[in-house]
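Visitor: fold the following.
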Amino acid sequence: MKQIIKEVFQAEEKVSEILKQARNKASEIRRSVEKENSEKMDDAKQKAREIIQTTVEDAKKEAEHIRQEKLEQARQEKDSLLKNKKETIDNLVDHICNIIINTTYEKDKK
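Guide: Residues are numbered from 1 along each chain as shown. Purely as a prediction, here's the structure:
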């Protein structure tokens, strides 16, 4: 009877030790998984930052390209307008000069 009780206690101690080892192993695995997840999350955040930075840089380049196109278009329209209206502008300048000259001449006459 004593032997049976002794064997039961030994079995309980053995089971207790096995459970302790299993808990320790589970804790170790949990810490390892948490560390791995944290590293993966950090990597994902870094990749997201890189993607965002690249996207922003691309958007800035595209905006600058569009800006340059619009400026060039405005320059061409201005040049075209001035070219088409050159004679009118020259006539207007001549007319203004004549008005000034005639006004000055009329003042001098008086």
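
Visitor: distance from the chain centre to the longest helix anywhere in the chain, please.
Guide: Ordering each helix of the chain by length in residues (DSSP state H) puts helix 2-84 first. With C-alpha atoms, centre = their mean, to the nearest Å as the basis, helix 2-84 stands 17 Å off its chain's centre.

Visitor: quick check: what element follows that helix along the chain?
Guide: Note on helix 2-84: by DSSP states H and E, the next helix or strand toward the C-terminus is helix 86-109.

Visitor: ok, Glu64 to Lys70 distance?
Guide: 11 Å (C-beta to C-beta, to the nearest Å). C-beta: built from backbone N, CA, C; applies to glycine.

Visitor: cool, Ile99 as well?
Guide: In terms of C-beta to C-beta, Ile99 sits 38 Å off from Lys70.

Visitor: cool, and Asp58?
Guide: Asp58 is 19 Å from Lys70, by C-beta to C-beta.

Visitor: mind checking pLDDT for Lys45?
Guide: Note on Lys45: pLDDT of 98.

Visitor: and if you look at Asp108?
Guide: Note for Asp108: predicted pLDDT of 61.

Visitor: same check on Met1?
Guide: pLDDT for Met1: 85.

Visitor: burial of it, as a residue count?
Guide: Here the count is done by other C-beta atoms under 10 Å, and Met1 has 5 residues near it.

Visitor: kindly report the same for Glu87.
Guide: Glu87: 9 surrounding residues under other C-beta under 10 Å.

Visitor: in PDB, list the C-alpha atoms belonging to the least confident helix or strand in the chain by mean pLDDT.
Guide: In the chain, no helix or strand scores lower on mean pLDDT, DSSP states H and E than helix 86-109, which sits at a mean of 81. Taking C-alpha atoms only, helix 86-109 is exported to PDB below (Å, rounded to 0.1, in the frame of the first residue of the first chain):
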ATOM      1  CA  LYS A  86       1.500  92.400 -83.400                       C
ATOM      2  CA  GLU A  87       0.100  94.700 -86.100                       C
ATOM      3  CA  THR A  88      -2.800  95.900 -83.900                       C
ATOM      4  CA  ILE A  89      -0.400  96.500 -80.900                       C
ATOM      5  CA  ASP A  90       2.000  98.400 -83.200                       C
ATOM      6  CA  ASN A  91      -0.800 100.500 -84.500                       C
ATOM      7  CA  LEU A  92      -2.100 101.200 -81.000                       C
ATOM      8  CA  VAL A  93       1.400 102.300 -79.800                       C
ATOM      9  CA  ASP A  94       1.700 104.600 -82.900                       C
ATOM     10  CA  HIS A  95      -1.700 106.000 -82.100                       C
ATOM     11  CA  ILE A  96      -0.800 106.700 -78.500                       C
ATOM     12  CA  CYS A  97       2.500 108.300 -79.500                       C
ATOM     13  CA  ASN A  98       0.600 110.500 -82.000                       C
ATOM     14  CA  ILE A  99      -1.800 111.600 -79.300                       C
ATOM     15  CA  ILE A 100       1.100 112.500 -77.000                       C
ATOM     16  CA  ILE A 101       2.900 114.300 -79.700                       C
ATOM     17  CA  ASN A 102      -0.200 116.200 -80.800                       C
ATOM     18  CA  THR A 103      -1.100 117.100 -77.300                       C
ATOM     19  CA  THR A 104       2.500 118.400 -76.700                       C
ATOM     20  CA  TYR A 105       2.400 120.300 -80.000                       C
ATOM     21  CA  GLU A 106      -1.000 121.900 -79.200                       C
ATOM     22  CA  LYS A 107       0.300 123.000 -75.700                       C
ATOM     23  CA  ASP A 108       3.300 124.500 -77.300                       C
ATOM     24  CA  LYS A 109       1.100 126.400 -79.800                       C
END
